[in-house]
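[1] coords please:
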Amino acid sequence: MEYVRLGRSGMKVSRVCVGTNMFGAGYVDDDRAESVIDAAFDAGINFIDTADAYNSGHSEVVVGRAVRSHRHDFVVATKGFIATGQGPNDVGLSRKHLMDAVDASLTRLKSDYIDLYQVHYFDPDTPLEETLKTLDDMVRQGKIRYIGCSNFAAWQLMRALWVSDRDGFERFESVQPEYNLAKRDIEGELFDACANQDVGIIPYQIFMGGVLTGRYSAGSPPPDDSHMASRHAQRAKDTYWNERTFRMVDALKDAAAELSVSVPQLLIAWTLSRPQITSVIVGASRPEQAQSNAAAVSIDLPEEIVARLDSL
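    As a prediction, this is how the structure comes out:
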């Protein structure tokens, strides 16, 4: 496994991060979810991403249980923004909601601290100064080690970095965007902004919710026990379940066969071939998937294969 610095910080993360939005969803039971994290750790993965919104917080509970015996060996990242209740202050990036959200995440994780706390979305209703001051306070209190953002456009990230620099607040060390073969808009402004400001990029949805893995076919519905059949994958299915995607799958299968690797491994290697990418977030529902994902870090893609995938 390779480890790299997260943004400008000294904290090092594995180049593969375990995504946990399926943990607690019902089709991956808690024992199996913990075995996935154990297998990932044995393969050298030290980075786990969750969120308070994943399955009403149960994903955080599972992660907390899985890492409890060697908490200091892991970099645990979680997120806040999405509504956690019915009240007007149960959503967003206000000081009131963020402080409550962080305390609730710490309780579910059964931890004294969060290694990387990410704001899940940009909040147009809350001044960045309020959000960043709140996060800065919680870093100083020891509840959070580092901060990051998710789903921010380049201009939103740059404005946040400017506020942090101007006011002396902790700054975002990472951004978590959606990125895959079919959605590559971040290769413009966001790549440039992050390279210029030393902000790490940890993309999600590189498998398009699983559609790209080669497990599914255009003419058949996803198996009942699969991630794509669950309500959690509905957005990915609505976005990516189409003819263009399945043409990509055919091309990916051919390229993977040439290299004697799996399609998921090929996708991980392609994503990591981008120098701007710090680590890739990939889910796993079985221990062997986590081990296979970790092994993909060692794949050195030929330039011809990278160019072929770039052209899809």
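[2] how about the CA coordinates for stretch 6-23, as CSV?
    Taking C-alpha atoms only, stretch 6-23 is exported to CSV below (Å, rounded to 0.1, in the frame of the first residue of the first chain):
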residue,chain,number,x,y,z
LEU,A,6,-3.7,14.7,2.8
GLY,A,7,-3.5,18.1,1.3
ARG,A,8,-0.9,20.3,3.0
SER,A,9,-1.1,18.4,6.2
GLY,A,10,1.3,15.9,7.7
MET,A,11,-1.3,13.2,8.0
LYS,A,12,-0.9,10.3,5.6
VAL,A,13,-3.7,8.3,4.1
SER,A,14,-3.8,5.1,2.0
ARG,A,15,-4.5,5.6,-1.7
VAL,A,16,-7.7,3.6,-1.3
CYS,A,17,-10.3,4.7,1.2
VAL,A,18,-13.2,2.4,2.3
GLY,A,19,-16.5,4.0,1.5
THR,A,20,-19.2,3.0,3.9
ASN,A,21,-22.5,4.3,2.6
MET,A,22,-23.8,0.8,2.3
PHE,A,23,-23.0,-0.2,5.9
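[3] Show me what counts as buried in that stretch.
    Within stretch 6-23, the residues that count as buried by 16 or more other CB atoms under 10 Å are 6-7, 9, 11, 13-23. C-beta here means a position set from N, CA and C on the backbone, and glycine is covered the same way.
[4] which pair in those residues spans the largest distance?
    S9 and M22 (28.2 Å; CB to CB).
[5] Name the nearest of the buried residues of stretch 6-23 relative to E129.
    G7 (20.9 Å).
[6] Tell me who's in contact with the closest residue to the closest one other than its chain neighbours.
    Nearest residue to G7, sequence neighbours excluded (CB to CB, 6 or more residues apart in numbering): E173, at 3.2 Å. Residues in contact with E173 (CB atoms under 8 Å, 6 or more residues apart in numbering) are L6, G7, R8, S9, M11, L116, Y146, I147, G148, V199, G200.
[7] change it to 7 Å
    Counting by CB atoms under 7 Å, 6 or more residues apart in numbering, E173 makes contact with L6, G7, R8, S9, Y146, I147, G148, V199, G200.
[8] Just the ones of these in strands?
    Cross-referencing the contacts of E173 against strands under DSSP state E gives Y146, I147, G148, G200.
[9] Scan the helices and strands of this protein for the one with the lowest mean pLDDT.
    helix 234-240 (a mean of 75; mean pLDDT, DSSP states H and E).
[10] Could you list every helix and strand in contact with it?
    If you count contacts as 3 or more CB pairs under 7 Å, 6 or more residues apart in numbering; DSSP states H and E, helix 234-240 packs onto no helix or strand.
[11] Next SSE downstream of that helix?
    Scanning forward in sequence from helix 234-240 by DSSP states H and E, the next helix or strand is helix 243-259.
[12] can you pull the buried residues of that following helix?
    T245, F246, M248, V249, L252, A255, A256.
[13] Output the below-cut-off pLDDT ranges for the stretch 201-312 of the chain.
    Residues of the stretch 201-312 of the chain meeting the criterion pLDDT under 70: 224-233.
[14] ok, now with 80
    214-215, 217-243 (pLDDT under 80).
[15] Can you identify each of the strands in it by residue range?
    All strands of the stretch 201-312 of the chain, identified by DSSP state E, counting those that start in this stretch, fall at 280-283.
[16] in it, which spans are helices?
    In the stretch 201-312 of the chain, the segments counted as helices under DSSP state H, counting those that start in this stretch are 234-240, 243-259, 263-272, 287-295, 303-310.
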